[in-house]
Structures are given as structure tokens and as C-alpha cells.
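1. Below are the sequence and a predicted model; questions follow.
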Protein chains: 2
Amino acid sequence: MSGAIRIGIIGYGNIGRAVEAEIAETPDMRPAGIFTRRDPASVQTAGDAAQVHHLDDILNYRNEIDVAILCGGSATDLPEQGPRFAALFNTVDSYDTHARIPEYFEAIDRPAREAGKTAVISTGWDPGLFSLMRVLEEAVLPRGRTYTFWGPGVSQGHSDALRRVEGVTDARQYTVPVEDALERVRSGEDPELSPREKHVRDCYIVPREGADLAKIEETVRTMPHYFDEYDTRITFITPEEMATKHAVMPHGGFVLRSALTGDGSRHLAEFSLKLQSNPFFTASVLVAYARAAWRLNREGAVGAKTVFDIAPAYLSPRTPEDLRRREL
Amino acid sequence: MSGAIRIGIIGYGNIGRAVEAEIAETPDMRPAGIFTRRDPASVQTAGDAAQVHHLDDILNYRNEIDVAILCGGSATDLPEQGPRFAALFNTVDSYDTHARIPEYFEAIDRPAREAGKTAVISTGWDPGLFSLMRVLEEAVLPRGRTYTFWGPGVSQGHSDALRRVEGVTDARQYTVPVEDALERVRSGEDPELSPREKHVRDCYIVPREGADLAKIEETVRTMPHYFDEYDTRITFITPEEMATKHAVMPHGGFVLRSALTGDGSRHLAEFSLKLQSNPFFTASVLVAYARAAWRLNREGAVGAKTVFDIAPAYLSPRTPEDLRRREL
């Protein structure tokens, strides 16, 4: 390898900070700057290895960045930044609006190809590792059923939905997999499971003073799609309890596949993650796929790529010989 | 796709029969013959789709086989057949002598490259999926420790070792992971585990009539590498018990990685398999990698390949668009 891979960090929220910290501990990479829409002088970085620049100045650093890790959000940042930066840099992102991924892929693929760049989209854990496991488990066990369970962990989307309810000042929603449903899958029962049977939605809500708690409960429980199809637990708490008991962002989940082979034997494949910090694990996955993006680009594999298109060896800093000798 | 992938089945033992059954249920493949060292007329196949030929006649079928699945054993069949057939066909095998894989890879790589063929070696579950998970989990969680536990399941190697003991007519050895050790890993304790702490070796032995049972026990318990480093349970049983209670070959195991990210958070990734039939699951994995071998070869990716070199999408019969839309 000719020197460390130079990583541009685009966006400096939870994920950007976590990527900065992970890069600092990754020997084959080094930071090539943090790019933010804020005034760079106002940004206090966690480490001291990376300079902070304004995002508008990023073209000045075009020759100093091997891979740009896009750390913005999926709602508004990435739909705009993804296609734009894929024409300038090799990129990696964690775009996670499942329903719009095909459209996002198309929007990225053409500019990346035209520029001879490689853009790895929708990494992280779901989409990302869980997607990879769904495809892998189905491919090796084609006659069966795949189940994804999420949690226990904080769902940002559901927490945001709670915060939009009239009378709510803050909220946290934990998605909790139903243990009995997991056991039914593991036992080989091959059950058909409704949303309600798979997950409980456990809500911690800080109400505004004098708010109508019964009305908040009613609004939450009947909220279409988010809560109405689930058993929803609601606990009202104080701002102090929110700050002390709900500050960390653990998450995780399970991808299970139960299937039969030609002799009638049943097999179970199960992958699970238990993450103490969702943003730090996501950052760690982004960093591994940044390595892959760089290597793929050097081999001429340009355009948009997903976790499905990338062989495991590209993610590892170790040599193919070493992997074969020690891990195969 | 231009027609089904034509699969040659090389060897017709447990794995060969299972591959035959799996191919019969795989819409994008069809059998292109079973090749055996036995008299073809003496071989009764399970299905009726595949013709049986003598292995010596295989060159006559050179243009009718897209991928040859090598179903022989790792001790003597594959070291000879692997390099020979890699010069004639795209191949897939489940070579599982871990220590000799680098040498096997080299022996296959050159003839495959020279012939423009693709040879996927050492698939199955370990080596195979477990190897893939060890590399994947380490790549996304670089600062931690990986643990592989096997079982509960039959170890052929250890069963064979028991059968070689004087006074033993038949034997079955189950490798059983120690639940307490698994829990210590899952709890994030990051333990250093000796062989004895990880697995129990549970032996069922049919002694010859009048054999010295105490001597058999002593020989087994002190057998270097196989049993001396483990807690070994020995149960003497009758041939009838062996036939009725120990006929199936379940297996499975766990690949766990516990690791820290830059903020000090701890994360656990865990992959497990519970297999009712070891040979059928192995066959099912071989079939998925046969699809990959064929596709890689059509793209010009020749030479020896391992699970580390193959992107997940190559294993699936589904289109990239469909995978992105429904699984990402």
C-alpha cells in the first residue's frame, strides 16, 4: 500500500465525530479534513489530527481526499450530497431510507461512473450488515423464511414522531423484540408474525407542564404505521430522568433464517448485534467500507456499490494470504 | 441468464448425494452428470435427473459441465482432484484441512488461471461461512477478540480417532460448546479461554466384546491434541444404541466478536448455525458458491478463490436490482 488512505469527513454530527475517532485508531487511514456547514472556527473537534474546513471550500481539497465519508442524514443531506460528491470523490454513506434506496442508487451511479469514482451507499448495520446477512443466509438456505428483529434499542424515527405530538417536549422510543417470537423462529416453527407479535414499542415521554396526558397517550397509540400496529408502552418521565437514564444510544437486533434442505432437515442461521453505541458502530462500519471503496476504485470498479457487491476481503486491512492462512 | 447452470457432481458419498438433491430444487441449475470411481451400473441415485458416469470418462463431458462440484474428502480425494479438475472445469469444493489451505490454494490457483477457470475452494460452513464471518466481524470491529465455538455436533475427525483405538468397533464424538464460556463472551468479559474451557468432548463408544473398558478410557483421555486438553465424557453403548440414537449428523456453532469502538462502547456480533444435517447444509453452501464460480468466470475472474473473494450478490439467483429493492 502506498501510504495511508486519506479520509474526508463530510458533516460533523454524531456520526462525523464517531468517524473521526475511529479513523484515529485505524493504522491504514488518516484524516484529510472535517468539512462542515458551520463556521469552522466555532467547531471544537474531539481529536487534534483533523483540520476543520467549511464545506464550501471542499473543492480546494480535491486532490487530498481518497475517500469522502458522508456523515449527514438521510432525510435532506444525503439526497443532495450523495450525487454531488460522487462526481468528485470516492464516497461511502449510511443512507437508510429503505424505500428510496433504488432511486438513490440510480442518482449516485451515473455521476460516479462518469467521474471514474466508486460510491458505496447504505452501509452501517441496517441497511448494511443486516442486509448482507439477509442475502447471504437466503443464498445458502434458499427454501425458508428470513426474519429481522430490531432492538432492544432507540429508534430515532419513532422518537422523532413522539416529539411531534402536541404537548410533548422530549421523548425516547425503544424498539424491543418479543422474546417469545424469537424463540418460535429458533425452534423451527416457521411462524407468520404480525408487526405486533415481533416488536413492542416502549416510549418514554417528557410532557409539557399541564399537558393532557390522556390525550398524548391516545394520539401516540393510534398514530398510523408508527404505533397503531404495535403494543405500545408509554411512561411519562421528567426532563431529569430523560437526561440521566436515556442519554446513551444502544441498539442491535437479529437476522434469522429458518429453512429446509432437500432431505427435510431444518437449519437455523442467526446473526445478531448488541451495540452499546449505534453511531459509533455505524461509523466503524463506514470506515471498513471506505477501505473497500478505495481498493475497488484502484481496481477500476466504479459506480454505485452496495454491501451486496463487495467481497469480504476488501473490508479487511490484512493481506489475502494472511486471511487464508489464519481465518479460513 | 442463458439457460440453467450445468453442474457436474464429482464423487457420490454423503455430500454428493446431498448436492444432487439440492440441485434438483434449484431452478437456475441442472445436473450434468454424477461421476464416480465405482461401477456406474452399481450406483443407485436418489433422484432420476442425473446420469451416472465413471470418473475416468469425465473428459467426454467437458463441454457439458459449467461447474464441477468436487464432493470428495479432504484427506486424499481433493488434494489430487482439486488441481487436476481446476484445469478442466470451474470448480467448487469443501476442502477443510485448515492448516493446509494455503498450500491447496497455490496448487489450484495456477492450473485454474492457465486454463481460464474459476476454482472456489474451502466452502461449506467452517471453513466457509464461519471464515467469512470471522473476517467480516473483525473488519467492522477491529479492536476486539473473535471466538469460534463448534457444536453441539458430530466431529468426524474425533469420531475417527476413537474408532482407531484398540477394542473400539464404532464411536461417535459430539463436540459441545461450554455454555458458561459463551455467556462470558456475550457479557463482554473478553475472556482468555483454554480449549478445555470452550468445549466438552462427549464420546459414545461401542466396545468389542470383552474389550478392556478401563484401558479404552485411559487411551482416549490421554490422546494428544484430540482429547487430552479437554474434559472428555465417555459412554459405552451397544451397536443397537449407536444405530438408533446416533444416526443423524447435526452440527453447528458460533462465531462471536466482542470489541470496543473509539468511545469505549462495547459491541457484540454473533453468528450461529444450528444444522440438522451437516452434509446437507454443506451441500447447500456448495451449490450457492457454484453459482458464484460460474458468474465470476463469465466476468473473467479466474484462478483460485475463497469465500473472502466473493461478493454476496454472486451467491444469490436474484437480480442486483431486486436485492437492492427488497433486502437492502
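-> Sure thing, it's come through.
2. Just want the residue of the stretch 101-250 of chain A that's nearest chain B.
-> Per CB to the nearest CB, A:Ala139 is where the stretch 101-250 of chain A lies closest to chain B, at 3.7 Å. For every residue, glycine as well, the C-beta is placed using N, CA and C.
3. quick one, what contacts the residue most central in space within chain A?
-> Chain A has A:Gly124 as the residue nearest its centroid, 3.5 Å off, counting by CA atoms, centre = their mean. Applying CB atoms under 8 Å, 6 or more residues apart in numbering or on different chains to A:Gly124 gives the contacts A:94, A:96, A:282, A:285-286.
4. What pLDDT is listed against it?
-> Note on A:Gly124: pLDDT of 96.
5. which non-adjacent residue is nearest it?
-> A:Ser94 (3.9 Å; CB to CB, 6 or more residues apart in numbering or on different chains).
6. can you check A:Ala283 too?
-> A:Ala18 (3.4 Å).
7. what does A:Ala313 give?
-> Counting by CB to CB, 6+ apart, the residue nearest A:Ala313 is B:Phe308, at 4.0 Å.
8. quick one: the helices in the stretch 51-200 of chain A?
-> A:77-86, A:101-115, A:129-140, A:156-163, A:179-186, A:195-198 (DSSP state H, counting those that start in this stretch).
9. list the contacts for the residue nearest to A:Ala313?
-> Each residue near B:Phe308 by CB under 8 Å, 6+ apart is listed here: A:311-313, A:316, A:320, A:323-324, A:327-328, B:131-132, B:135.
10. Please identify which of these is nearest to B:Arg143.
-> A:Ser316 (13.8 Å; CB to CB).
11. Next, work out how far apart that closest one and chain B are.
-> A:Ser316 is 5 Å from chain B, where distance means CB to the nearest CB, to the nearest Å.
12. neighbours around the residue of the stretch 101-250 of chain A closest to chain B, how many?
-> Using other CB atoms under 10 Å in any protein chain shown, A:Ala139 is surrounded by 23 other residues.
13. Ok, A:Lys215 next?
-> A:Lys215, neighbours per other CB under 10 Å, totals 12.
14. and it, helix, strand or coil?
-> Per DSSP: H, G, I helix; E, B strand; the rest coil, the local secondary structure of A:Lys215 is helix.
15. check which helix or strand covers the single nearest residue of the stretch 1-150 of chain A relative to chain B.
-> At 3.2 Å from chain B, A:Ala21 is the closest residue in the stretch 1-150 of chain A, using CB to the nearest CB. Using DSSP states H and E, A:Ala21 sits within helix A:14-24.
16. what's the spacing between that helix and its chain's center?
-> 14 Å (CA atoms, centre = their mean, to the nearest Å).
17. Enumerate the positions of that helix that are buried.
-> Of the residues in helix A:14-24, A:14-24 count as buried by neighbour count, 16 or more other CB atoms under 10 Å in any protein chain shown.
18. contact partners of it?
-> So helix A:14-24 is contacted by A:7, A:9-10, A:12, A:29-31, A:34, A:36, A:45-47, A:49-50, A:69, A:71, A:94, A:277, A:279-280, A:282-284, A:286-287, B:261-263 (CB under 8 Å, 6+ apart).
19. Tell me how far the residue nearest to the centre of chain A lies from A:Ile65.
-> Separation of A:Gly124 from A:Ile65 (CB to CB, to the nearest Å): 21 Å.
20. now swap in A:Gly157 and tell me
-> Per CB to CB, A:Gly157 is found 31 Å from A:Ile65.
21. Name the residue in those two with the higher neighbour count.
-> More crowded of A:Gly157 and A:Ile65, by other CB under 10 Å: A:Ile65, with 24 against 12.
22. and the biggest helix by length in chain A, what other elements does it pack with?
-> Counting residues, the longest helix found in chain A (DSSP state H) is helix A:278-298. With contacts taken as 3 or more CB pairs under 8 Å, 6 or more residues apart in numbering or on different chains; DSSP states H and E, helix A:278-298 sits against strand A:5-10, helix A:14-24, strand A:29-36, strand A:67-70, strand A:90-93, strand A:118-120, helix B:129-140, strand B:266-275.
23. if you set the cut-off to 6 Å instead, what comes out?
-> Helix A:278-298 makes packing contacts with helix A:14-24, strand A:67-70, strand A:90-93, strand A:118-120, helix B:129-140 when contacts are defined by 3 or more CB pairs under 6 Å, 6 or more residues apart in numbering or on different chains; DSSP states H and E.
24. between the ones you listed, which gets nearest to A:Glu189?
-> With CB to CB as the measure, helix B:129-140 is the member of those nearest A:Glu189 (23.6 Å).
25. can you state the direction angle for that closest one and helix A:129-140?
-> Angle of helix B:129-140 versus helix A:129-140, following axes from the mean of the first three to the mean of the last three CA atoms, to 10 degrees, is 170 degrees.
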